[in-house]
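> coordinates only, sequence not included:
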């Protein structure tokens, strides 16, 4: 197992290097430069040139790439010009918030999605199945930002049960109940689509397994239905559900961009959008590399979990 | 069967739990903000709180409460009045400004405000050899590009020598780029001074939590009258709908830049809607160098063809007025009251087009998706396209993201487009025409005259107005310039934006400023 993990980690290195090249190229080649973004209407060629010089953007592209990569390997992600602070501080602070939001959503959608899938598979074509399939269809079809806005209107503006936006109350907050009350709406809105997808795939994975001979054998020898479904069938179905969870984790992470904007959640997705609009090269590059690295590591963890569940996958 | 019972039980438990969790949540606390603490909904996170380093109005709104400059805008106007300088003398030739500084002012860190501090601030920004010049970049330092040297005469007197007479100097000193930072803070924090701001203003900095809030407290030892509120919290809420929702839920007390379509939500008793015209003009640059707009009659035709009333009232829901010329009415002293906007007259437009032989001309029109001061550029562009097609033009819109758009428009429209949207917010009537209408300001000469307008008389008037130190004389020159420019129509003059804001009924004495960045010293919250 140790060898397998090591092998996977080593294979992640070229992936990450590739990501650094792609993100660097994209940010260098898109039209509009940081100086124009800073100066706006005042971007005369003279002013632009001065700012580019101050930011070290007057060097050739290849040289800039290697300076950036070299610094990053030594742990220096550079300085965000638009926020006037080190990139790594900003990314870590923001990633923490994203992790809370995306992590909660991921747990929510995994638990709710798998449960819904199991129930509708066990009661195929029954009332519960139909109700769940219908709800899931709605969950998949409604865009998350729209769902978020509707939730704000209902629960925050009209009913005043929950705060509209942000992560903590401006005054007197900061404890766990405060965080939870701010987290409920964005986490639910963010998990809606993924819950639907996971429910659908869990349902079909379960149906597949429930048709197997050993399930019939288990039932024949009198194993209680609940144990047949939750024990025998679900464990086998998890092998095909877990990779889906891994993929959905990626979607939850990227979907958090919209949700973070709607709920003013201080996360990394919002930060990247702002950074792209202001052409904050180092912040975009550093942020993307950091998030990509986390995603790669998460995927390795998923693969490892899968190989633990299914011995047939070679380690 | 057992699975079903379990699920029902589980569902019931879940439902009860959910109801308890939601219903039992401390309902009103989320909406109840403390007394005496004003909570402002901003449109974005500030970039930095170092006045020399930032360019956005959104940041200026915080800065003018923390810092002061040598001059400031007199309430309700764009006229400079004394602030940290109590008086000044201008030499005969308009190149030497000597300021007497206010006695007994200290920065929030306790260090004294004096001539050395003023010199430090301007040298840091302008002098590349200054030990703290690397705390930049200072994108708007060219506002003080005419300053040749800053000298300390005595502790409370400072002298600026300019390389040429430059009339906007006093009003540039009132602009946020001229706000004075504590030299001790710059020395202590280096390039992080933007996160640890120290000024002399009525509020002092307390904390900045990324993407959550900037908190400032009343400065009890302020030299003037103390601020009415104990503290102000600036919350960045980028999404306009979320900002409106926060306002409705009571999470913020004051909201700036209300989307026109949301104004209706605040018509009730609980809210006050504020409006204030500012030094903003929204226009179309016309390519006067080539194509149909090289002919003055076609440019005038475009001005007649476009229904600007409809744009201001319907597209912008009354949040703008129709622009008459290149200078916004907010510069009251320099604005020519006698100018009437081009009326909407499609017949006259067709006549002019026919006379110029430009019937059915194909036009390429650059539109941006959004940007500083651009209001609602896509719907506005579409309305303009429809109006121009109604008089026989064939208009193709090309849409660009803001930075890309500037990269296309600023180098000039030649060979690419016939017209482009643009908007400017400035602090002096000199800035926009000087940078965008003179023949010396064509893009290849480093200016913003992207439509290549050229008129010797306009050039002469603008140079003269910049070097004249007498305001009445300057006003006369600007008014004359506006008449010529309106008649020659290098632009289609479309709209002047009225900035808006909403306060709830707990807020008293709030007033917007023509500069777009009001000082909140007198604002009280109950």
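Perfect, thanks for sending it. Just so you know, these numbers come straight off a predicted model, no measurement behind them. Numbers count the residues shown, from 1 in each chain, chains lettered A, B, ... in the order given.

> quickly note the distance from residue A:107 to residue B:165.
If you measure residue A:107 against residue B:165 using C-beta to C-beta, to the nearest Å, the figure is 68 Å. Just so you know, the C-beta spots here come from the backbone N, C-alpha and C atoms, and that holds for glycine as well.

> let me fix that: residue B:524
43 Å.

> before we move on, back to that, which one of residue A:107 and residue B:165 has more residues nearby?
Taking residue A:107 and residue B:165 together and counting by other C-beta atoms under 10 Å in any protein chain shown, residue B:165 has the greater number of neighbours (17 against 12).

> residues in contact with that one?
When the contact criterion is C-beta atoms under 8 Å, 6 or more residues apart in numbering or on different chains, the partners of residue B:165 are B:93, B:94, B:95, B:466, B:467, B:468, B:469.

> not counting sequence-adjacent ones, nearest residue to it?
When the adjacent residues along the chain are set aside, residue B:165 lies closest to residue B:94, with 3.3 Å between them (C-beta to C-beta, 6 or more residues apart in numbering or on different chains).

> before we move on, what about residue B:88?
The spatially closest residue to residue B:88, leaving aside those adjacent along the chain, is residue B:99, at 4.7 Å (C-beta to C-beta, 6+ apart).

> pull the residues that contact the helix or strand harbouring that neighbour.
Take DSSP states H and E as the rule and residue B:99 turns out to sit in strand B:96-101. Under the contact criterion C-beta under 8 Å, 6+ apart, strand B:96-101 has outside partners B:70, B:84-91, B:113-115, B:118, B:153, B:156-162, B:169-170.

> what residues does the stretch 51-200 of chain B put near chain A?
Within the stretch 51-200 of chain B, the residues that sit near chain A (C-beta under 8 Å from any C-beta of the partner chain) are B:53, B:55, B:136, B:137, B:139, B:140, B:142, B:191, B:192, B:194, B:195.

> mind running it again at 10 Å?
Within the stretch 51-200 of chain B, the positions lying close to chain A (C-beta under 10 Å from any C-beta of the partner chain) are B:53-56, B:128, B:133-143, B:145, B:191-195.

> which of those residues are buried?
The neighbour-count criterion (16 or more other C-beta atoms under 10 Å in any protein chain shown) marks B:53-56, B:133, B:135-143, B:191-195 among those as buried.

> which of these fall within helices?
Nothing among these maps onto helices, per DSSP state H.

> nearest to chain B: which residue in chain A?
residue A:32 (2.8 Å; C-beta to the nearest C-beta).

> burial check on that residue, number of neighbours?
With neighbours defined by other C-beta under 10 Å, the count for residue A:32 comes to 20.

> what about residue 168, how many neighbours?
Here I'm looking at chain A. 18.

> actually it's chain B I care about, not the one you picked
Residue B:168 has 21 neighbours, counted by other C-beta under 10 Å.

> again with residue A:74
7.

> on the pLDDT front, check it for me.
With respect to pLDDT, residue A:74 has a value of 89.

> how about the one 5 residues further on?
In the predicted model, residue A:79 carries a pLDDT score of 84.

> tell me the contacts of it?
Residues touching residue A:79, when contacts are defined by C-beta atoms under 10 Å, 6 or more residues apart in numbering or on different chains, comprise A:55, A:85-90, A:280, A:282-283, A:286, B:191-192.

> buried among those? Need that as a selection in ChimeraX.
Taking 16+ other C-beta under 10 Å as the burial criterion, the selection of buried members of the contacts of residue A:79 in ChimeraX is written as:
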select /A:55,85,86,87,88,90,280,282,283,286 /B:191,192
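
> the contacts of residue A:79 in helices, which ones?
Among the contacts of residue A:79, the residues falling in helices (DSSP H) are A:87, A:88, A:89, A:90, A:282, A:283, A:286.

> next, the contact list for the last one, please.
With contacts taken as C-beta under 10 Å, 6+ apart, residue A:286 has the following neighbours: A:23, A:68, A:71-72, A:76-80, A:86-88, A:90-91, A:275, A:280.
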